[in-house]
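In: Need coordinates for the below:
(chains A, B and C)
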Amino acid sequence: MNIRERLEKLGTPALSDALDSMGISGGIVGVTARGKPHCVGRAFTVLYGPIAEQTPGFKPAGEYIDEVLPGDIIVIDNNGSDDATTWGGILTEFAVLKKIAGTVVHGAARDLERVRELAYPLYSTHAFMQSAKNRSRKLSHQKPLRIGRTRIEPGDWVCADESGCLVIPQGIVAQVIARAEAVERTESRIVSAVRQGMSLAMARREHGYHEPWKG
Amino acid sequence: MNIRERLEKLGTPALSDALDSMGISGGIVGVTARGKPHCVGRAFTVLYGPIAEQTPGFKPAGEYIDEVLPGDIIVIDNNGSDDATTWGGILTEFAVLKKIAGTVVHGAARDLERVRELAYPLYSTHAFMQSAKNRSRKLSHQKPLRIGRTRIEPGDWVCADESGCLVIPQGIVAQVIARAEAVERTESRIVSAVRQGMSLAMARREHGYHEPWKG
Amino acid sequence: MNIRERLEKLGTPALSDALDSMGISGGIVGVTARGKPHCVGRAFTVLYGPIAEQTPGFKPAGEYIDEVLPGDIIVIDNNGSDDATTWGGILTEFAVLKKIAGTVVHGAARDLERVRELAYPLYSTHAFMQSAKNRSRKLSHQKPLRIGRTRIEPGDWVCADESGCLVIPQGIVAQVIARAEAVERTESRIVSAVRQGMSLAMARREHGYHEPWKG
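Out: Predicted coordinates for the structure are as follows:
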C-alpha cells in the first residue's frame, strides 16, 4: 500500500498519538464535519483576511481553485470567522468534479444541503450564509499557515474523521504511519484482553499502553 | 407565485448575496437547526432579559404566543443565553397546532426530542433543559430587535435553511427576491459551464460572477 | 418502580423544573450528545487538570475505570478543554462491556465513530483526536466536582437526554422525582387543552402552570 492507502485505514486518534510520541501537535481545533466525515489528502493552503471597509457589491473572489490537484485537501484559514463564508455550493460542485479530496475551513461555509447531498468531505468552524466576497479577501495561497498551535505547509498530509482534522508534516509521514499502525495494534490487543475479562489497568500494562507506538 | 412561495424556492445564500448587493447584512449569527432545517415566514419578535435575583418558584411565563399568526416565525432575543430556555415542548406542540412557521431563539431551547419528532423548524444558539421561568423574563414583544449586526422588525421576512437564518426587511423584499433569483440563475450557469469542462475562473468571468444579481 | 426506572421515564426539562422549584440548578452547561442521547445513573466523578510542561511520550493514564460500577455514569471535569481528550475508543469498549450507563466529559472526547456504532451514551463539550496523555493528568476521583454553577457529588443521580445533562443530589431524589412527575402531568393537561382549542394563556392558568410541580 502507498502512503495515501495506509493513511486511509488509520484513525486520527492513532495518528495523533504517533505525532505526540514525536513531540508534535497536528490537530486543527474547532472544525466540525458538515458532509462525509472522512478524508485524506495533501494540503493546498489558502489564507484569507478581513476587508477593512465593507462596501456594496462583490470584490473578486479567490481564484486559486483551478490550481488545486485531484486528491488534494484545501485548507483555508479565515481566522475562524463566523460570518464570512469562503466555501459554498459552486466550489463544492467543482471540487467533486475535479476529485478534490476535501476542504477544511477555519471559518464559515454555506450551501450545506449541497455538501451533504454530494457527500463532500467539508469541515468548518461555522455554518452561515453570508459570503466572504465583500467581507474577507484572499491574502495568499500555497504558503505555510498557522492555525492555533498547528503549522500547515503546502503538501503536508491532512487526515480527517469524526474526531476532527489532523496535519502530518510530509517529511515524517512514513514514520508517523508506522507508529500509528503500532498504536492501533496495541489498542486492539488491549480491547481483546478486556473482552476476555482482564482489568483495563492490567491490559494496559501487559500491552505497553504507556508506549503504544512500539506495539 | 406570491412572496412566500418565491422565498420558499430560494436558498439563504442567494438571498444573502442579494442583500449584500444592496449593502445590507441580514444573517443571524450562531443559531443551529434543531428540527426541520427550513422555514419561511413573517417575524413576530420577542425580547427577553435576565432576572436580577434568582428565587425559588416560577415567574409568569411570556404569554405572547396566542397573538402569533399562522405562517409567522417567532424570533426570540434572549441575548444568546446558554442556560435559560425560552422555548420548549408545550410551545412546540402549540406552534404546530397553530401552523406557526418556525421559531428562531438567540438563546437556549429544550424538549428537542419533541421538536425533532414533530419536524418543527426550530433554530437556537443552545440546547439545554433549564427553564427561563425564574432566570429570564419577557421585556417586550412586537418591537424591533437587534441581534448582532442585524435589525429585525415585526413583519420582516425570515428565511432559514442549513446555512442559517436570514432576515429581509419587508419594504425591500420584492427587490431582494428578484436579485436572489438572478443570483441562482448565474450560479446554475457557472456550474453548467464547469461541468462541461470550463475552468472556474473563466466560467465566473463569462457569467458575471462579480455581479451575479444581474444574471 | 425503583428510582432508576422512574428517572428513566422522565425528561430532563421536568426534572430541572422540579429542581428549580426547590431553588437548585442542576444542569451541566455546554455538553452535547455524541452517541445515544439518553442515560440515567449514579455519578462516578473524575477531575483532570493540565500538565504544566508538554513533553514527548505518554504520562500514566487515569486508571480509575476498573472501580466504576455497572449502572454508574462517569462525570469527568477537564475544565472544558478543547484539545486534550479524556475519553476514547478503549474506554468506550470497556464501558459497554462493564455495563457502565454513560459518560459526561466537560472537555474533549475521541473515537466518535466507535461511540456511535456502539450507541454508547457519551456527552462532551468537544470532539477532538489529541490525547490528554501528555496534556492533562488525573488529579482525583470520587471527590465532589463543580462544573459551572453545578456541584456533583459521587453517588448523585445523573440524567441526560437531547436537552442535555442534569445532576440531582442523591438526598433529595425521591422528592425531585415526585415533583417532576407532577410537572409532566401538568404539561400533558395543558397540551390536551390546547389541542381541544383552548388558548395557551387560559390552559396554563387552568392547569396551574405557575406551579406545575403541584399537578
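
In: give me phi/psi at the residue lying closest to A:E113 once chain neighbours are set aside?
Out: Residue nearest to A:E113 in three dimensions, not counting chain neighbours: B:E162, with 4.9 Å by Cβ to Cβ, 6 or more residues apart in numbering or on different chains. Every residue, glycine included, has its C-beta placed from N, CA and C. Dihedral pair for B:E162: phi -70, psi -10, per degrees, to the nearest 10.

In: Is the residue most central in space within chain A bridged to anything, and to what?
Out: The residue lying closest to the centre of chain A (Cα atoms, centre = their mean) is A:C165, at 3.3 Å. With DSSP bridges applied, A:C165 shows beta-bridge pairing to A:I28, A:A160.

In: is it true that it touches A:G30?
Out: No: here A:C165 does not reach A:G30: they are 9.6 Å apart, not a contact under Cβ atoms under 8 Å.

In: And the nearest residue to A:G89 once chain neighbours are set aside, how close does it get to A:V173?
Out: Among residues not flanking A:G89 along the chain, A:D111 sits closest, at 3.4 Å (Cβ to Cβ, 6+ apart). According to Cβ to Cβ, to the nearest Å, A:D111 and A:V173 sit 32 Å apart.

In: between the two, who's got more neighbours?
Out: More neighbours surround A:D111 than the other of A:D111 and A:V173, with 29 against 16 (other Cβ atoms under 10 Å in any protein chain shown).

In: so how far is A:P50 from the more buried one?
Out: Per Cβ to Cβ, A:D111 is found 22 Å from A:P50.

In: what residues does chain A put near chain C?
Out: With Cβ under 8 Å from any Cβ of the partner chain as the criterion, chain A meets chain C at residues A:11-13, A:15-17, A:20-23, A:25, A:27, A:29-30, A:32, A:148, A:161-164, A:166, A:187, A:190-191, A:194-195, A:199-201, A:204, A:209-212.

In: Out of those, list just those in helices.
Out: Among the residues of chain A next to chain C, the ones falling in helices (DSSP state H) are A:12-13, A:15-17, A:20-21, A:187, A:190-191, A:194-195, A:200-201, A:204.

In: In PyMOL, how would I select just the buried ones from those residues?
Out: Applying 16 or more other Cβ atoms under 10 Å in any protein chain shown to these, the buried members can be selected in PyMOL as follows:
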select buried, chain A and resi 12+13+15+16+17+20+21+187+190+191+194+200+204
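
In: and which of the ones in helices among the residues of chain A next to chain C is nearest chain B?
Out: A:T12 (23.9 Å; Cβ to the nearest Cβ).

In: Hmm, A:C165 and that closest one touching each other?
Out: Yes: if you go by Cβ under 8 Å, A:T12 and A:C165 touch, sitting 7.5 Å apart.

In: what do those two both touch?
Out: Each of A:27, A:159 lies in contact with both A:T12 and A:C165 under the rule Cβ atoms under 8 Å, 6 or more residues apart in numbering or on different chains.

In: Domain boundaries for chain A, per the record?
Out: Annotated domains of chain A cover A:25-52+A:67-168, A:175-214 [automatic domain parsing].

In: which one of the ones you listed is the most hemmed in?
Out: For the domains of chain A, the largest average neighbour count (mean count of other Cβ atoms under 10 Å in any protein chain shown) is found in domain A:25-52+A:67-168, namely a mean of 22.

In: Contacts only, for the residue nearest to A:G89.
Out: A:88-89, A:92, B:11, B:13, B:163.

In: Show me what the worst-scoring helix or strand of chain A on mean pLDDT is packed against.
Out: Every helix and strand of chain A was ranked by mean pLDDT, DSSP states H and E. The lowest is helix A:200-206, at a mean of 91. Packing contacts for helix A:200-206, counted by 3 or more Cβ pairs under 8 Å, 6 or more residues apart in numbering or on different chains; DSSP states H and E, involve helix A:173-195, helix C:89-97.

In: closest one to C:I65 among the ones you listed?
Out: Between C:I65 and the helices and strands packed on helix A:200-206, the shortest separation by Cβ to Cβ is 6.2 Å, and it involves helix C:89-97.

In: Which strands and helices lie in contact with the helix or strand following that closest one?
Out: Downstream of helix C:89-97, the first helix or strand assigned by DSSP states H and E is strand C:102-109. Contacts defined by 3+ Cβ pairs under 8 Å, 6+ apart place strand C:102-109 against strand C:39-50, strand C:72-77, strand C:122-127, strand C:157-161.
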